[in-house]
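Colleague: what shape does this take:
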Amino acid sequence: MGGGQSHHVDWAAIHARERAEAEARARAEAARQEAERAAQAARAEAERLRREAEAARQRFQAEQAEAARRAQAAREEAERQRREREQAEQAARAAREAAEARARQEQQRAEQLAREAEEERRRKIAAEEAARQAALAAKQEQERQQRVREEENRRLQAQKEAAERAAQKAAEEAKQAQAAREDAERKLQEGTRPVVTPTPEEYSAFRAKIQHTQGFFHVAISGIAGSGKSSLVNAFRGKHNMDFDAAAVGVNETTLTVARYPDPNPSNRFIWYDVPGAGTLKVPDWKYFNQQGLFVFDCILVVVNNRFTATDVAILTNARRFGIPAFIVRSKADQHIKNLMKDMGYDSDDEGGNKASYFARARDQYVAETTRSIRTNLQEAKLPDQPVYLVTNVALQAVVTGKTPKKMLDEVKLLTDLAGTAPRYP
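Modeller: Numbering: from 1, shown residues only. Okay, the predicted model is just below:
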């Protein structure tokens, strides 16, 4: 072809490539066939292993069944032996019990024979003793009659002598009674109050009346009418005057009988008693201590007001006579201090006034005057000196309920000293 490029086909390369491809296909076919033979051999091996495993499983199940059968046979044999052993034990127990029963019967018969023999011996001894006692009694009766005659003679003589002594004693008692009447009349004319000692029956009656309870400390709040006893009872119990279970308060004397108020705190073993006020027409001052049964209380608080009265002296004197701890308490301290502040010129409407300064001056004056007055009155009554506790009900109620009031006097000291007086109850 003129002007064109000639093309040459490399048939040798083509044939070589075809031979290579044919050889590759042959090798691949041989590899496939080898893989199929290997897979078939593996399946045959797996089937063989499965048959062997199944045979092993069947042998294991057979062995298990044989073991279960043997175990059941062993259990049945053990149960048979257990029943035989129980039967043997029951037979042995029955034989033992029968032997023991026979032995007991034999022993009881022997004991019965021994008792009968002992009883016969005692009857014989008793008969002999009765005969001896009869002879002795006859002799003693003769001696007794002789002693009776002698005793009768002595008794008649003693009666005669006793009658003479009684006549002499009656004359002396009549003389003493006359002297006692004259002395009582003289003391009444001089204004001296009689001292009366309660009887045991009165002790028991008043203890029952106040429901005196073992393991509790019974505190009487006493004093003249209007001294603030009821409000003080409420403060000791952590109560306000308007609480539903508080002691009644009022302008006039509201307490006509002794009122019992257990402390609301279960751990506090105090029982507080609001005692009717003295110095009224219903309760004369000189009979106050005994009529209110103050002699049965464990402790007495004498609440004093503006002045120390004969009633206060009578309570303290009798408390010492009966060995009862007594505390002198002046309540309403806040009101007294306010009155002193006014006397000093303090005006509550004056916003520029120095209230704290007035309060401190009035408080110091109140403490000093009250302490001096009480000490003087105790000396005049020939009573030993003792502290007076100045308290306000508001501060006392706050301290009892666990609060810290801004203004305090002797509230904490009073509670501490009261607790120190009371015994430690379990």
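
Colleague: show me where the chain has its helices.
Modeller: 11-190, 200-209, 229-236, 288-291, 310-322, 333-343, 355-380, 393-400, 411-421 (DSSP state H).

Colleague: packing partners for the fourth one?
Modeller: The reference is to helix 288-291. helix 310-322 (3 or more Cβ pairs under 8 Å, 6 or more residues apart in numbering; DSSP states H and E). Where you see a C-beta, it was placed from the backbone N, CA and C, and this is true even at glycine.

Colleague: what is the orientation angle of the helix it packs on with helix 355-380?
Modeller: 60 degrees (axes from the mean of the first three to the mean of the last three Cα atoms, to 10 degrees).

Colleague: if we can go back for a sec, tell me which of the helices of the chain sits most buried.
Modeller: helix 229-236 (a mean of 26; mean count of other Cβ atoms under 10 Å).

Colleague: how about the helices of the chain, which one is nearest Thr257?
Modeller: helix 200-209 (9.0 Å; Cβ to Cβ).

Colleague: contacts for the closest one?
Modeller: Pro198, Val258, Asn290, Gly293, Phe295, Val296 (Cβ atoms under 8 Å, 6 or more residues apart in numbering).

Colleague: avg pLDDT for that helix?
Modeller: In this model, helix 200-209 has an average pLDDT of 92.

Colleague: if we can go back for a sec, make JSON lines out of the helices of the chain and add distance to Leu301.
Modeller: Formatted as JSON lines, the helices of the chain follow (distance: least, Cβ to Cβ, whole Å):
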{"stretch": "helix 11-190", "distance to Leu301": "29"}
{"stretch": "helix 200-209", "distance to Leu301": "18"}
{"stretch": "helix 229-236", "distance to Leu301": "7"}
{"stretch": "helix 288-291", "distance to Leu301": "14"}
{"stretch": "helix 310-322", "distance to Leu301": "10"}
{"stretch": "helix 333-343", "distance to Leu301": "15"}
{"stretch": "helix 355-380", "distance to Leu301": "14"}
{"stretch": "helix 393-400", "distance to Leu301": "12"}
{"stretch": "helix 411-421", "distance to Leu301": "8"}
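
Colleague: of all those, which lies closest to Asn265?
Modeller: helix 393-400 (8.6 Å).

Colleague: what's the angle between the closest one and helix 411-421?
Modeller: 60 degrees.

Colleague: picking that back up, so which of the helices of the chain gets nearest Ser222?
Modeller: Relative to Ser222, the nearest member of the helices of the chain by Cβ to Cβ is helix 310-322, separated by 5.8 Å.

Colleague: can you show me the CA trace of that closest one as PDB?
Modeller: What follows is helix 310-322, C-alpha atoms only, in PDB (Å, rounded to 0.1, in the frame of the first residue of the first chain):
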ATOM      1  CA  ALA A 310     -45.600  36.900 158.600                       C
ATOM      2  CA  THR A 311     -46.900  34.300 156.200                       C
ATOM      3  CA  ASP A 312     -43.500  34.000 154.600                       C
ATOM      4  CA  VAL A 313     -41.900  33.800 158.000                       C
ATOM      5  CA  ALA A 314     -44.300  31.000 159.000                       C
ATOM      6  CA  ILE A 315     -43.600  29.000 155.800                       C
ATOM      7  CA  LEU A 316     -39.800  29.300 156.200                       C
ATOM      8  CA  THR A 317     -39.900  28.500 159.900                       C
ATOM      9  CA  ASN A 318     -42.100  25.400 159.400                       C
ATOM     10  CA  ALA A 319     -40.000  24.300 156.400                       C
ATOM     11  CA  ARG A 320     -36.900  24.300 158.700                       C
ATOM     12  CA  ARG A 321     -38.800  22.400 161.400                       C
ATOM     13  CA  PHE A 322     -39.700  19.700 158.900                       C
END
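
Colleague: elements contacting that helix?
Modeller: If you count contacts as 3+ Cβ pairs under 8 Å, 6+ apart, helix 310-322 packs onto strand 217-223, helix 288-291, strand 299-304, strand 326-330, helix 355-380.

Colleague: got those as TSV, with distance to Ala95 columns?
Modeller: Output for the helices and strands packed on helix 310-322, formatted as TSV (distance: least, Cβ to Cβ, whole Å):
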stretch	distance to Ala95
strand 217-223	73
helix 288-291	85
strand 299-304	79
strand 326-330	85
helix 355-380	96
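
Colleague: for Lys407, which of those is the nearest?
Modeller: Nearest of these (Cβ to Cβ): helix 355-380, 7.4 Å.

Colleague: how near is Asp243 to Met408?
Modeller: 22 Å (Cβ to Cβ, to the nearest Å).

Colleague: ok, which pair from the contacts of helix 200-209 is furthest apart?
Modeller: Once Cβ to Cβ is applied, these give Pro198 and Val258 as the farthest pair, at 15.1 Å.

Colleague: if you count surrounding residues, which of these two has more?
Modeller: Val258 (19 against 16; other Cβ atoms under 10 Å).

Colleague: show me the residues around that one that make contact.
Modeller: Counted by Cβ under 8 Å, 6+ apart, Val258 has contacts Lys209, Ile210, Ala220, Tyr273, Asp274, Val275, Pro276, Gln292, Gly293.

Colleague: please check the residues you listed and keep the buried ones.
Modeller: Ile210, Ala220, Tyr273, Asp274, Val275, Pro276, Gln292, Gly293 (16 or more other Cβ atoms under 10 Å).

Colleague: give me the lowest-pLDDT entry from those residues.
Modeller: Pro276 (86).

Colleague: that one contacts Gln292, correct?
Modeller: Yes - counting by Cβ atoms under 8 Å, Gln292 is a contact partner of Pro276 at 6.6 Å.

Colleague: point out where the stretch 301-426 of the chain drops to low pLDDT.
Modeller: 306, 349-353, 425-426 (pLDDT under 70).
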